[in-house]
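Engineer: The sequence and its predicted three-dimensional model are supplied below.
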Amino acid sequence: MPTREEAKAARREAIVDAAMRLMYARGDSGFSMRALADTAGVSIATPYNLFGSKQAIMLAVLDTGMAHYEQRLGKLEADELEIFFGAVSLATELYAEAPKFHQAVLFSAYGDGGRDYRAVFGDPRFLFWKMLVERARQAQWLEPDIDASALALALSQQFFICILEWAYGEIDLEELEYRVHYTFALLLNGAATASGSARLTPRIKVLQKQLTDRWSVSDPRRSAVASR
């Protein structure tokens, strides 16, 4: 016989799973809370009682996706410095597998603001980048006096900005990957030890060329500005 908390957790999981299935089927998050409750097999009041709002459910969907993402990332063969770039590439691969689903989640979770909007320091995505920074610092790729929270915040914010640009159709996934790799390389290089910088500096030059070459084809105006 499940305890009250176990039953509550099972209902929460069913609601999040139902939201994901509805979005995959529809390609957007325009389903009603009635449809969500019916799909999850719960009463119409249950999603409100357990989450409070649809936006909070979308944040829970993001958190579930983050857990699956970290599982896949754990299978990558990369050291404590390379993992930053592998993490970005893996994210773009996942977005490419179901772009409409991920865009729908992002719009629902972050597009409306409101009281459920997640503060970055309480966000699992920020904590994920902080963990990677701490590991890179321990491996002596980053200086020991670098504040892990400050650097993780800068990394997570830059990634989030580019993700939103992609969600709104301003850039494609290839440019998202190039831009985040380039920004990450610059930020990490500013915090790197000599050995870390020796690896990051050549990468910065390659990424810079990738971006400017891409802009010369896809956005000549931006290329002209960048070349000044």
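Structural biologist: Alright, I've got the coordinates. Numbering: from 1, shown residues only.
Engineer: list the helices and strands the longest helix anywhere in the chain packs on?
Structural biologist: Taking DSSP state H as the assignment, the helix of the chain that covers the most residues is helix 194-218. Counting contacts by 3 or more CB pairs under 8 Å, 6 or more residues apart in numbering; DSSP states H and E, helix 194-218 packs against helix 173-191, helix 220-226. The way it works is simple: take the backbone N, C-alpha and C, and place the C-beta from them, glycine included.
Engineer: List the buried residues of it.
Structural biologist: 196-197, 199-200, 203-204, 207, 210-211, 214-215 (16 or more other CB atoms under 10 Å).
Engineer: Looking at the residues you listed, point me to the pair that's furthest apart.
Structural biologist: Farthest pair in these (CB to CB) is 196 and 215. Separation: 27.9 Å.
Engineer: circling back: figure out how far the longest helix of the chain is from the centre of its chain.
Structural biologist: Averaging C-alpha positions (CA atoms, centre = their mean, to the nearest Å) puts helix 194-218 22 Å from its chain's average.
Engineer: I'd like the numbering to begin with 40 instead of 1 from here.
Structural biologist: Okay, using 40 as the starting number, the last item reads as helix 233-257.
Engineer: For it, what does the pLDDT average out to?
Structural biologist: Mean per-residue pLDDT for helix 233-257: 93.
Engineer: Next, the angle from that helix to helix 212-230.
Structural biologist: Computed by axes from the mean of the first three to the mean of the last three CA atoms, to 10 degrees, the angle separating helix 233-257 from helix 212-230 equals 150 degrees.
Engineer: can you list the domains in the protein?
Structural biologist: If you go by automatic domain parsing, the domain ranges for the chain are 40-91, 101-265.
Engineer: Quick check: closest non-adjacent residue to residue 204.
Structural biologist: residue 210 (5.0 Å; CB to CB, 6 or more residues apart in numbering).
Engineer: Tell me how far that neighbour lies from residue 134.
Structural biologist: Relative to residue 134, residue 210 is positioned 12 Å away (CB to CB, to the nearest Å).
Engineer: which neighbours do those two share?
Structural biologist: Counting by CB atoms under 8 Å, 6 or more residues apart in numbering, residue 210 and residue 134 have no shared contacts at all.
Engineer: that's a strand at the residue nearest to residue 204, yeah?
Structural biologist: No. Counting by DSSP: H, G, I helix; E, B strand; the rest coil, residue 210 is not part of a strand but coil.
Engineer: Could I get the contacting residues of it?
Structural biologist: The contact partners of residue 210, by CB under 8 Å, 6+ apart, come to 201, 204, 218.
Engineer: Just the buried residues of those residues.
Structural biologist: 201, 218.
Engineer: Isn't residue 102 up against residue 163?
Structural biologist: Yes. Between residue 102 and residue 163 there is a contact at 5.6 Å, judged by CB atoms under 8 Å.
Engineer: I figured residue 97 was touching residue 140, is that so?
Structural biologist: No. Residue 97 lies out of contact with residue 140 (CB under 8 Å); the separation is 11.5 Å.
Engineer: Of these two, which one has the most company?
Structural biologist: More crowded of residue 97 and residue 140, by other CB atoms under 10 Å: residue 97, with 25 against 21.
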